[in-house]
Each structure stands twice: as structure tokens, then as C-alpha cells.
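>>> Sequence and predicted structure, then a few things I'm wondering about:
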Amino acid sequence: MNLVYLDYASTTPLDPRVLEIMLPYFSEKFGNSSSIHVYGQQADSALEDARANIAQLLNGLPGEIIFTSGGSESDNMALRGVAFAQRNHRGANHLLISATEHPAVSRTAEQLANLHGFKLEYLPVDQYGTVHPSEVARRIRPDTALVSVMFANNEIGTINPIDEIGAICKDRDIPFHTDAVQAAAYLPIDVQKLNVDLVSLGAHKLYGPKGIGALYIRKGTSFIPSLTGGEQEHGMRAGTHNIPYIVGLAESLRLAQVERHARHNKLRPMRDRMIGYILEEIPDSRLTGHPVNRLPNHASFVFDGVDGNTLLMMLDVAGYACSSGSACKTGDPEPSAVLLALGLPRAWALGSLRVTLGKDTTSQDVEAFLSALPGIVKQARGLSENVK
Amino acid sequence: MSGGVDSSVAAALLKQQGYEVIGLMLRLWSEPGTEETNRCCTPDSMAQARRVAAILDIPFYTVDAQDVFYSQVVKEFISGYAQGATPNPCLFCNRQIRWTFLLERALTLGAQFLATGHYARVKPNANGIYQLLKAIDQAKDQSYILHVLDQERLKHALFPLGDYTKSQVRELARAYRLPVAERAESQDLCFLGGGDYREFLLRNTPQVSRSGAIISNDGQVLGEHQGLAFYTIGQRKGLGVQTPKPMYVVEKDVSRNILVVGSSQDLGKTNLIASNANWISGERPQTPFRAQVKIRYKAREAWANVIPLENGRIRISFDEPLRDITPGQAAVIYNGDMCLGGGIIQSSTG
């Protein structure tokens, strides 16, 4: 059967150009970047090239880039590293995060609150999931240890005004972190313009390999490393460097940034066609997230009276791989915290669908999907014992 | 698919027979806090089922049925006990969850059949009527539980294991290299998670612990019971009454909250009335007939006269008295290997 992948926000296939650049570092150039000999020097050179390239793409310094195992580790490291350092140095004990953060941020913050005594406060979002800078200004305190607001939301695609929020934090001299794992695939990440102190990145959302990411930490930010051991990464993150993956991360980020306009131009019209058609053709459907300020490949919906998991199962059997917004394969129908934060009623929030396009999506794929979806939603609504 | 040997081998057989197979796992309700021990859908068994599906190279999905299972199985279980019966929730589950809720979803996915790892057989006769037959492995036969199926369901039902013995199924699992753990066979209810049903009832319907009198057949008060739901017809142990001869529970009188006990002779009953009759053929027999009847899943069949009545009721008169006729359990009627249908036992008389 012809399968159509419409879940690029979940993960992406590796770009063959990225793979090609990675390959030599598995075999010929296999050295340990910490070794003295030539093999080590070769590896170290690739490592530092990758670091310098990423720093340049982010408009930061090479010494501000830490390689990690991915977005989740970067988020964990940022929150723990800054929270503990801020408390040690000046007794700051207050964490301010948005209500729509990825679990890598929200669960980490909850653990810091529940096990380590931090005071956790959530920034409310509007009906589109946007965090308003005024809310940050209202809630930020002298004893705030860290503010964390995601750049673009994975479930609903909404892009937050990071530069304005960052300006407020900068003005109060409070560290500001943003999870840019989704955003980096489509938006410029200029750490100076964005006024951010910490940025989480992951490669596999932008046609790079899984299992590699980076954390930007602005020079001068107090930080306590959470993975201790060797002196790799300026002592911030121990462990032998995964050179092929680091090289892959740098190349995939470079391609995302240089091809940004081409990718927007390819995907945005298809995405807009999809949103228009679905809202028109499917009764009791709503777009979730911001209608304009959203990732160009991202469409997300809720349908009243539909069980989201059933819908995904039916779509998959029909050949369309989509998501409900957060990857869940256990069949648990709990509505997502992000959708509830938008103020959606439970019966709507349970029927969520996320469709995210990518480099291999064709307009034929989109048309085929659009011709199938209304009937499938109708069938899902017709099932007895549905969402109450 | 549950991750267990039966449903895994059933899927493997179908795949080998050339069917396009989709694996579905029901996510059923567990009492909060017991999700890890629920027998049918723990995270472990889910991972196991997923692994089996991957080895068979078939798609696999979990279907959430927690709400519907709670409202149509667990609530029935609780209210059955509150009314003095000893309900069999597997009957409700097969009728309402597997063969209604899940079947509907399977058909919506475009499937023609819903297959399970039950030990039973289904075959159309010359007139195109689907017959439910006992499994080849008589010791594992599950037609008792499946007697609730009707023609509309049976025409979509596949039971790939019906022609195999359990030991053959285990061998097949090895031959297919399926990583199925041998789980202890258990008749515990899945949603009790290994816990005691009495404690479950106490937590969920505390009124069942209303104590009352234990009375002998001839009206003598012999002691006090702890709540009728905690006793089963035929039970001897744990009555806490001092009598020269062993005493057995012979009746639970819910309206008066009285537990009636008697000697083993009092226990035998010859007649029962069942309700909610299901006739597999779709037609209620017009005349009484001779048949073999099972009054519990593991009971032996007993010869009886079966008299179909109005309003979905059946009167069954056994040739010999039976000791364990229990309201809430099913009476299932057989003609040799063929399951003809059955109903839920309402009452019994001498």
C-alpha cells in the first residue's frame, strides 16, 4: 500500500546529504576527540568545525555550544543547570515556564518543584497558545531563577514572541531559556536578536540523525553541569563525543537555515490549502494554535465528538501517518495538557489531529489525504460509545 | 492481541493463511492503582503484543475501551453482586466489548473479520447458518463464554485456534519464534489485578457488607453473615456456624438480606430459569428438547429438558439435581459439539 508520511513534527528522515557527510566518521575518521594522536586530532577538528558552524548559524560563540543527546537532554540540562546554579549563587527559587511546554521542560520543572523545593509558576497562554510578554513582565520576580518559553509549539505550531519575552528577562537580568527543537527547522535562531541565554536544539526534527542535539548557553550564565565526568564540552557535559552525529547535526542545521525560504515556499501553500479545506469541509472542526504565527509545515485540528486515537488508527490503515500532537501509542485517551491550556472543552480536545508536512510531501499526497479525511472523520464520529 | 500465547499464535496462523492482519489490543479499565497488574493490558503485555506484531510484520494498535468496559462490565459486575448474583463479567465483556465495541471498530477499519485467540470453532451449515462448535481441545473449549454471539457477529468471527490443542499452540508459538511468555493460567478477573473480589466490592459498593442472619432451611437462626455478596451458592467454608453436619449456602435471599444454609442434600436443584436468552441460530426453538447444559464455565455438562419460554427466558429441568446452580452464571446449551445458545441463570428450584 502507498503510505503517506504526514508527521514531520514527530521526526524526519535523514537528508542523504547529511548522511554522506556523517559516514566517514563511523569508519575512517573514527578517533576519540580527546586523544593526543592524529586520529584524535582528526576527530577533534570535525568536532570543533561543527561547533563553530553551529555557533555561527546561531550568531553565538563556539564556546557557548554544548553537544547533547537531543532536545530532551538539552531541556533537562538547561533547567537543572540554571535552577541549581541560581539557587546556589543568589538563593533564587522561582521557576516560570509556559503552560504549553514540551514534557522535557514541564516534567523537569515539576521535578525541580516536587523534589528540590523550587516554586513553579506557569505562564498562561491565550486561545492560540501564545505566551504574552505582558504576562512574563507581570510574573517575573527578583528571585526568579529561570524563565522557559518554547519558541514554536510541537502540538499546535504556535510561534511565541521570544525576542520580546527575552528583552524583559534581559532587562531584569533573569536567565531565559527557549526550547527551539521544533522552531529550528523553519525559523532563524539568532541568539542576539532573540535575547535568549539558553536554546535547546535537536537534529532529528530537521532531517538530521536522532540521538544528537545541542544546548546554547550564553557566556557568563551560571550553570551547574548535570552529567559529570570527563572534561569534554568545557566540563559541562561528560562523555566521549559522538562525532558522526555531531557532524550530522551541524550539517542538518546549516541546510535548514540556508534552505529556509525554499522550504517555506514549498510547504506553506500546501499547508494553507489543507487548513482551508478541512475547516470548510468537516463540520465541527477547529484549527488549534495560531492561524498566522505558526510553523509553515504545521496544521493541527480538533474535531468535536471524535476519539483521536481511533482517528489516527483509521488514518494509518488508510495509508496516512499522522499524529494527535504528542506521540502516544498506549491508547490512553487523556486529552493533552496543551489543548486544555487553550481552553478547549474535553470532548473537543480528545479529538485532536496534527498533520505536519515535510520535504517529501507532494501536493498529490495532500489532495489524496484531503479527499479521504472527511469520510474517515465521519466514520469515527459514527462509532458507538464514542467520546462523551 | 494480549501478548499472550493464544492471540499471538492466532495472529500468526492467520498471517500464514494469507489474511491481511491488523493487530488490535483492548485497553480495558483497571481499578486506579492496579494498572500494572491488570491481567490483560499491563504495560508489559502491551510491549509484548507490540513485539509479536512487529515479528509478524503486521500493524498494531491499542483501542481504548476503559470507559465502555467500566460502564458495561464493571458496573454490571458490581450491581449483579449487589442483587445477590454471582455475575460472570467475561460474558458481558465478550458480548459488549469484544464482539460489539471492538467488532464495530474492526469493521470500520475495513476488516471483514474479527479474530480472537478463543478456543472454539465457527462453521456455516448447508443453509448458511453459522454454527458455534466446541474446540477440538475439549479441556480448553471456550464456547461457554462465546454463547452470547449471534449470527451477525459469528459471520465476522474467526477462531484460528479452534482446531488445535493448547500444546500444539505452544509448539506453534515456538515454531513461529514468538516471544510469548508462559503466563500462569488464571481464572481471576482481569480488572481485579490479582486482588480479591470481596475487597474490590467493599471499595466500590460498600453497601454489600450489610450483615444479616444466617438461617437454616427450617427457619432457625444459626449466625450472622457479613454481606450476601461474599457468599456463593454451594459454599461450605467460612460460614462460621456451629452445626453437627456440614452446612452449605443454598440460597441468598436479597429482599430479606438472609443467607439460607442447608445440608448437601438441600443443595441439589433440578430446575432453573434463565433470562436474556441467546439462540445462536437466531431462532428460538418452538418446542422443548433434550440437550446437555453447562451451568458454569468449568462445570460438566448435564442432560436436561430445555423449554424455551417467552420474553427471552428458558426453563431447564435437569435429569439429576445439580449442586452449584448459581444466579448470575450462564446456562449454556449443547447438542453434542454444537453450542445452541444459553441464558443467564435467574433462579433455581428443587
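Received, thanks. Everything numeric here is computed off the predicted structure, so don't read it as measured data.
>>> Which strand or helix spans the closest residue to chain A within the stretch 51-200 of chain B?
Nearest residue of the stretch 51-200 of chain B to chain A (CB to the nearest CB) works out as B:Thr62 at 3.1 Å. Where C-beta positions appear, they are placed from N, C-alpha and C, glycine not excepted. Here B:Thr62 sits within strand B:60-64, counting by DSSP states H and E.
>>> Low-confidence stretches in chain A?
Scanning chain A for pLDDT under 70 picks out the ranges A:1, A:326-333, A:385-388.
>>> in it, which spans are helices?
Using DSSP state H, the helices of chain A run over residues A:16-22, A:38-58, A:71-90, A:103-116, A:133-139, A:162-172, A:243-258, A:260-281, A:308-317, A:337-341, A:346-349, A:363-382.
>>> out of those, nearest to B:Gly262?
Of all the helices of chain A, helix A:308-317 sits nearest to B:Gly262, with 52.2 Å by CB to CB.
>>> Is chain B within reach of that closest one?
Yes: using CB under 8 Å from any CB of the partner chain, helix A:308-317 reaches chain B at A:Asn309, A:Thr310, A:Met313, A:Met314, A:Asp316, A:Val317.
>>> Quick check: can you list the domain ranges of chain B?
Using automatic domain parsing, the domains assigned to chain B come out as B:5-117+B:159-192, B:210-266, B:267-349.
>>> Is it possible to get JSON lines of these that adds mean pLDDT and distance to A:Ser69?
Below are the domains of chain B laid out as JSON lines (pLDDT from 0 to 100; distance: least, CB to CB, whole Å):
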{"stretch": "domain B:5-117+B:159-192", "mean pLDDT": "89", "distance to A:Ser69": "23"}
{"stretch": "domain B:210-266", "mean pLDDT": "88", "distance to A:Ser69": "54"}
{"stretch": "domain B:267-349", "mean pLDDT": "95", "distance to A:Ser69": "52"}
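>>> Would you agree A:Thr310 is in contact with B:Glu104?
No: at 10.5 Å, A:Thr310 does not count as touching B:Glu104 under the criterion of CB atoms under 8 Å.
>>> what about these two, which has more around it?
Higher neighbour count among A:Thr310 and B:Glu104: A:Thr310, with 26 against 15, using other CB atoms under 10 Å in any protein chain shown.
>>> where's the more buried one relative to B:Pro59, distance?
14 Å (CB to CB, to the nearest Å).
>>> got it, and B:Asn127?
Distance from B:Asn127 to B:Pro59, by CB to CB: 36 Å.
>>> got it, and A:Ser74?
Separation of A:Ser74 from B:Pro59 (CB to CB): 33 Å.
>>> So which residues of the stretch 1-150 of chain B form helices?
Using DSSP state H, counting those that start in this stretch, the helices found in the stretch 1-150 of chain B span residues B:5-16, B:43-56, B:66-69, B:75-82, B:89-92, B:103-108, B:143-146.
>>> Throw the ones you listed into JSON lines and include distance to chain A, thanks.
What follows is the helices of the stretch 1-150 of chain B, written out as JSON lines (distance: least, CB to the nearest CB, whole Å):
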{"stretch": "helix B:5-16", "distance to chain A": "16"}
{"stretch": "helix B:43-56", "distance to chain A": "7"}
{"stretch": "helix B:66-69", "distance to chain A": "4"}
{"stretch": "helix B:75-82", "distance to chain A": "14"}
{"stretch": "helix B:89-92", "distance to chain A": "14"}
{"stretch": "helix B:103-108", "distance to chain A": "5"}
{"stretch": "helix B:143-146", "distance to chain A": "21"}
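>>> For B:Ile273, find the nearest of the ones you listed.
Using CB to CB, the nearest of the helices of the stretch 1-150 of chain B to B:Ile273 is helix B:75-82, at 16.2 Å.
>>> Need the three-state assignment for B:Glu320.
Here B:Glu320 is recorded as strand under DSSP: H, G, I helix; E, B strand; the rest coil.
>>> for B:Pro206, what are its contacts?
With contacts defined as CB atoms under 8 Å, 6 or more residues apart in numbering or on different chains, B:Pro206 has no neighbours.
>>> nope, B:Met1 is what I was after
Per CB under 8 Å, 6+ apart, neighbours of B:Met1: B:Ser7, B:Ser8, B:Ala11, B:Gly23, B:Leu24, B:Met25, B:Ala49, B:Val52, B:Ala53, B:Phe60.
>>> Since that was my last question, I'll sign off now.
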